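A.B. asks: The sequence and its predicted three-dimensional model are supplied below.
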2 protein chains.
Amino acid sequence: MTGPAEFRKLAALPLTAERFAPFGDVLETTREHRQSMNSSRFERFANLADVDIGATSGGRPAISIARCKMATSLPYRLDMLERHPNGSQAFMPLGGFQFIVAVAPVGESIEENEIQVFVTNGRQGINYHKGVWHMPMIGLQDDQEFLIVDRAGNGGNCDEHFLDEPLMLEL
Amino acid sequence: MTGPAEFRKLAALPLTAERFAPFGDVLETTREHRQSMNSSRFERFANLADVDIGATSGGRPAISIARCKMATSLPYRLDMLERHPNGSQAFMPLGGFQFIVAVAPVGESIEENEIQVFVTNGRQGINYHKGVWHMPMIGLQDDQEFLIVDRAGNGGNCDEHFLDEPLMLEL
């Protein structure tokens, strides 16, 4: 029997738009997206995410807030990834805090050696593209809150994939 | 000639979902919306906003970040309200800070005595329903950031209404 100490470890890489591009968008303020707004009283960083709410499958966009009630300590034992086949899903931290995400490419199943882990810089949010496998969100501190923009509407929109062998995620 | 000191003053009321209901949604965590999420690691406050991105007019949902570059001090001289006839528009503060909004009901024009002003509690965001007249966002401190969820796509989506006489907004 394999003990936890022997599970494969996977260290989180700093999140960048380039690294995350195969999986989704990084919600952050970058020079390329900068526009003026409201008579220059604001800078607007526009169109940060490809929001896909599955309109053809009866979906509509929804805004929610998720608050961490049970903080997770690292290393974190990752057993399962999920995907939303009918829509994208964006998470934006409300207030500056870091979080980690694990992702795997769109596909019917997961090649476990293709799982990647990222850590945000404390100001970034992320948007998973439709069908991208991802770890259910964890919070590293209680009461951390995310704004979520995803799909509401009829029809199932969550598949789960359990790993043959857990991974230990760490910074 | 009327001097600024003589313009009508309008004091902001504390924002509540009930007061704001004719104009839109308040993005906040309330008991009624509470659900469990991710094996109870999170509470989710779901479906906080009626996000209308004008799909029938070629709209799609967009996520942006707006950062205040020119803080506004109070009292604020309000000259103009705008509306987005083809979609809703949500603003969520990234980090706890208060902001003020001025609104008037949906309609071809504005009854200036129907303008209402609200101040948030520092954790609330707001979602203007499609067509609701509202003051262009101001920030009370530089570098305050909002996440915006609104409509992208073709077609004009902003009308402006200039007031016959400015209003002075204050807390």
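C.D. replies: Now that the structure is in, tell me what you want to look at.

A.B. asks: distance between the helix or strand of chain A with the lowest mean pLDDT and the chain's centre?
C.D. replies: Across the helices and strands of chain A, mean confidence by mean pLDDT, DSSP states H and E is lowest for strand A:34-37: a mean of 87. On the basis of C-alpha atoms, centre = their mean, to the nearest Å, strand A:34-37 sits 26 Å off its chain's mean C-alpha point.

A.B. asks: what's the answer for stretch A:130-147, then?
C.D. replies: That offset, for stretch A:130-147, works out to 6 Å (C-alpha atoms, centre = their mean).

A.B. asks: and that stretch, anywhere near chain B?
C.D. replies: Yes: judged by C-beta under 8 Å from any C-beta of the partner chain, stretch A:130-147 and chain B are in contact via A:136-139, A:145, A:147. For the C-beta atoms, the positions are set from N, CA and C on the backbone; glycine is no exception.

A.B. asks: name the helices or strands packed onto the least confident helix or strand of chain A?
C.D. replies: Identification of packing neighbours for strand A:34-37 by 3 or more C-beta pairs under 8 Å, 6 or more residues apart in numbering or on different chains; DSSP states H and E yields strand A:42-45.

A.B. asks: can you tell if the strand it packs on touches chain B?
C.D. replies: Yes: counting by C-beta under 8 Å from any C-beta, chain B has neighbours in strand A:42-45: A:42-45.

A.B. asks: Identify, from the residues you listed, the entry nearest to residue A:31.
C.D. replies: Looking at the residues of strand A:42-45 next to chain B and their distance to residue A:31, the nearest is residue A:45, at 9.0 Å (C-beta to C-beta).

A.B. asks: Quick check: neighbours of the least confident helix or strand of chain A in the sheet, parallel or antiparallel?
C.D. replies: Partners of strand A:34-37 in the sheet, by DSSP bridges, are strand A:42-45 (antiparallel).

A.B. asks: Tell me the helix or strand right after the partner strand.
C.D. replies: Next along the chain after strand A:42-45, taking DSSP states H and E as the criterion, comes strand A:59-68.

A.B. asks: ok, that next one: who's next to it in the sheet?
C.D. replies: Looking at strand A:59-68 with DSSP bridges, its partner strands are strand A:145-153 (antiparallel), strand B:42-45 (antiparallel).

A.B. asks: Now do the same for the first one: mean pLDDT, whole number.
C.D. replies: For strand A:145-153, mean pLDDT rounds to 95.

A.B. asks: for whatever helix or strand comes next after it, packing partners?
C.D. replies: Per DSSP H and E, the first helix or strand lying C-terminal to strand A:145-153 is strand A:159-170. The contact analysis (3+ C-beta pairs under 8 Å, 6+ apart) places strand A:159-170 against strand A:8-11, strand A:76-83, strand A:100-104.

A.B. asks: The nearest residue to residue A:22 once chain neighbours are set aside: neighbouring residues, count only.
C.D. replies: Nearest non-adjacent residue to residue A:22, counting by C-beta to C-beta, 6 or more residues apart in numbering or on different chains: residue A:105, 6.0 Å away. For residue A:105, the neighbour count with other C-beta atoms under 10 Å in any protein chain shown is 14.
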